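Novice: here is the input, now give the coordinates:
(2 chains)
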Amino acid sequence: MNALRRNVLKGAAGAGTVAVAVAAGLLKPTQALAGAPRSAFEAKNVGDAMKGMGVSAPADSKDITIKAPDIAENGAVVPVEITSGIAGTTAIALIAEKNATPLVADFDLSGGTQGFVSTRIKMGQTALIRAVVTAGGKSYTAAKEVKVTIGGCGG
Amino acid sequence: MAEPMRIRATMAGDVADVKVLMNHPMETGQRKDAKTGQLVPAHFISEVTASINGATVLKSGMSGGISKNPYLGFKVKGAKAGDKVVVNWVDNKGDKNTAEATIG
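Specialist: Reported below is the predicted structural model:
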């Protein structure tokens, strides 16, 4: 809980007043989950999600390819494929910027796993899909807009 | 809750192409039941790990933002035909499932 509070405070200081209001919602008691930083998955905006992952100001990279439809008719199932051409890619995170909790998934790659993941995600509304790639201790990012005609969240 | 999970692993050159299809409702906790108007409790896979011949190749954290019956594809260089792929998942309620396949 203390760690989460600190994240919230940092997030509030760094962003505008809208973010402060959103971040206030984060102070609710959250379920303790095992594994990767779950607080990042519960963040309600992109900035807090990135902070939760320990990523700050990732550099834009043209070596990251996001393959996703330009228009998704069904937001409940949006196929997304991320390919990172950056040497030494060790992690890929997938963010749908306007989802209620933007961080959708993260993937730690080890052994001979290449900088590639393919999955299907839900999108609440038209938004940017953002990939955050970690390689050699640095962060890189790329984004692609997907238009959603029927949302996949809520109902 | 041992619903089947399907894995298909094939070699393409020196790269193993692994595709996993899991069975899970992936409820975000934000959806309302159409009949009762109550929120459907969150129930989603939160962690997935994959290994080849015992060595971890992929670890994933997921949220309810992954579609129902999650699909996951990844590529592993240096694997060989005949290697054993094992995939495990754990959901936010503590349910677990595991499946294995041989790279063909």
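
Novice: how far off centre is stretch A:129-143?
Specialist: Mean C-alpha position of stretch A:129-143 versus that of the full chain (Cα atoms, centre = their mean, to the nearest Å) differs by 10 Å.

Novice: which SSE is the residue nearest to A:Ala100 when sequence neighbours are not counted in?
Specialist: Excluding the flanking residues, the one nearest A:Ala100 by Cβ to Cβ, 6 or more residues apart in numbering or on different chains is B:Gln30, at 5.8 Å. In short, each C-beta sits where N, CA and C put it, glycine included. Counting by DSSP states H and E, no helix or strand carries B:Gln30.

Novice: surely A:Val132 and A:Ala59 touch.
Specialist: No - at 10.5 Å, A:Val132 and A:Ala59 do not qualify as touching, with contact defined as Cβ atoms under 8 Å.

Novice: between the two, who's got more neighbours?
Specialist: A:Val132 (24 against 9; other Cβ atoms under 10 Å in any protein chain shown).

Novice: show me what the host helix or strand of the more buried one is packed against.
Specialist: Element membership for A:Val132 (DSSP H and E) is strand A:127-135. Where contact means 3 or more Cβ pairs under 8 Å, 6 or more residues apart in numbering or on different chains; DSSP states H and E, strand A:127-135 is packed against helix A:46-53, strand A:64-67, strand A:78-84, strand A:89-96, strand A:113-121, strand A:138-148.

Novice: with distance to B:Thr56 added, can I get those in CSV?
Specialist: Below are the helices and strands packed on strand A:127-135 laid out as CSV (distance: least, Cβ to Cβ, whole Å):
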stretch, distance to B:Thr56
helix A:46-53, 20
strand A:64-67, 23
strand A:78-84, 19
strand A:89-96, 12
strand A:113-121, 9
strand A:138-148, 22
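
Novice: residues that sit against both of A:Val132 and A:Ala59, list them.
Specialist: Taking Cβ atoms under 8 Å, 6 or more residues apart in numbering or on different chains as the criterion, A:Val132 and A:Ala59 both touch A:Ser139, A:Tyr140, A:Thr141.

Novice: any idea which of these is closest to chain B?
Specialist: Nearest to chain B among the shared contacts of A:Val132 and A:Ala59, counting by Cβ to the nearest Cβ, is A:Ser139 at 16.5 Å.

Novice: list the contacts of the residue positioned nearest the centre of chain A.
Specialist: For chain A, the residue nearest the mean C-alpha position is A:Ile95 (2.6 Å; Cα atoms, centre = their mean). Residues in contact with A:Ile95 (Cβ under 8 Å, 6+ apart) are A:Val46, A:Ala49, A:Pro102, A:Leu103, A:Val104, A:Ile129, A:Arg130, A:Ala131, A:Val132.

Novice: could you check the angle strand A:113-121 makes with the strand holding A:Val132?
Specialist: For strand A:127-135 against strand A:113-121, the angle by axes from the mean of the first three to the mean of the last three Cα atoms, to 10 degrees is 160 degrees.
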